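> 3D model of this:
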Amino acid sequence: MTTNRGAGRTADVAIVGGGVIGCAVARRAARDGLSVVVLERGTPGMEASWAAAGMLSPLAEADGPGAFLDLLMAARRMYPAYAAALREETGVDVAYSDAGTLYAALRAEDEEELEARWRWQSAAGLPLERLTATEAREAEPALSPAVRAALRFPGDHPVDTRALGAALWSAAARAGAEFRLGAHAVRLLRDGDRATGVECAGGERIEAGAVVLAGGAWAGRMEGLPRPVPVEPVHGQLLALEAVPPLFRHVVDTPRCYLVPRAAGRLIVGATVERTGDRKAVTPWGLRRLIDGAVEAAPALEHAPLAEAWSGLRPGTPDGVPILGADPDVPNLVYATGHFRNGILLAPLTGERIGALLARGEWCPDVAPFGIARFGGDSLAGAPAP
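Have a look, this model is predicted:
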């Protein structure tokens, strides 16, 4: 894909959305010499990116082998070098840790799910270990005595998502990307089968050689798009408990919640999955589910102080996997959205793959299955947007 500037162009690339995905794409494209404008209606990294717990856990997320698991595993392999590069570029430590994940079965039905996971993951030769109840409690003594068995994913890692968002914003800006904060993109501008830029609320027009749609849960809300973008907000609530001294070394995952240890004894508990539209709120229902799940996994948390509670809106798709790549009918409109619960894990890979597409027209086979054409439907392309 070529994005060379022509007469009157503001930028080679206009990116709609400044979360970790938009910032990762901006960083890569700017480092490749493209002029980049990021349109962010709020503060970069302060929506789904800020709310996430930061688990880099492909084997806990995938339901079976295939292209999606391969994509998650490729992204996880990128993280050590990526985190080091961000620290060198910005001085921000994203707290990348090699603690691993312990997936614990606490009920009979949990044990059935664990067995199913063990069968397909071990048959696929994936890196995991099966632990008895005794071994699980030796690994994590704070686990409930009710634990029946566990799987350990030693290659999993957590990161501090709030630090990651700040680092990517800084890295993209240092690479030369321009951030226009408070810019609410409302319309894709087109001339036939070419995107020509973006119109913002208030009438400002940003002309660009390519447009990247990285608007998260709101990616499909712009006018002038050539087709429906099937992304919807999926509400998630989280909380943080003070657990001093720290109770866990691993990330602990159960079918009802996950527990992510942070520095200085803070423990992140998440997350609900609610389809409630644009509503973003912490509710008694959500808090009760999270607290019950945390105490079930670790009874010692029953009296842990509640430090913080928050929520965010993930960008969900009908099949739960992201939308990546160029539009079939408007080839300089590029999608980088719909990452659902894996935006933090996939941010480095998405940034590199979309950046390579923008700068050099290169498209890696591992992202080919995730194009928007998989949803079918007729293009809505018609007269250029006014």
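> Buried residues in the helix or strand where Leu287 lies, which are they?
Element membership for Leu287, per DSSP states H and E: helix 284-297. By 16 or more other C-beta atoms under 10 Å, the buried positions in helix 284-297 come out as 286-287, 289-291, 293-297. Every C-beta, even on glycine, is put in place using the N, C-alpha and C of the backbone.
> before we move on, what about stretch 83-97?
The neighbour-count criterion (16+ other C-beta under 10 Å) identifies 83, 86-87, 89-90, 92, 94-97 as the buried residues of stretch 83-97.
> among the buried residues of helix 284-297, which two are most distant?
By the measure C-beta to C-beta, Gly286 and Ala297 form the most distant pair in the buried residues of helix 284-297, at 16.9 Å.
> what bits of the stretch 51-200 of the chain have low per-residue confidence?
Within the stretch 51-200 of the chain, not a single segment meets pLDDT under 70.
> for it, what spans make up the strands?
Using DSSP state E, counting those that start in this stretch, the strands of the stretch 51-200 of the chain run over residues 55-56, 101-105, 129-132, 149-153, 157-158, 178-181, 185-191, 194-200.
> Adding distance to Val212, write those strands out as a markdown table.
Output for the strands of the stretch 51-200 of the chain, formatted as a markdown table (distance: least, C-beta to C-beta, whole Å):
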| stretch | distance to Val212 |
| --- | --- |
| strand 55-56 | 23 |
| strand 101-105 | 31 |
| strand 129-132 | 40 |
| strand 149-153 | 32 |
| strand 157-158 | 27 |
| strand 178-181 | 14 |
| strand 185-191 | 11 |
| strand 194-200 | 10 |
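> of the ones you listed, which approaches Val234 most closely?
strand 55-56 (16.2 Å).
> Mind giving me the packing neighbours of the closest one?
Counting contacts by 3 or more C-beta pairs under 8 Å, 6 or more residues apart in numbering; DSSP states H and E, strand 55-56 packs against helix 67-90, strand 157-158, helix 343-360.
> and with 7 Å instead?
Other elements packing on strand 55-56 under the criterion 3 or more C-beta pairs under 7 Å, 6 or more residues apart in numbering; DSSP states H and E are strand 157-158.
> Identify all contacting residues around the strand it packs on.
Contacting residues not belonging to strand 157-158 are listed as 54-56, 79, 96-99, 251, 260 [C-beta atoms under 7 Å, 6 or more residues apart in numbering].
> That's all I had, so thanks and see you.
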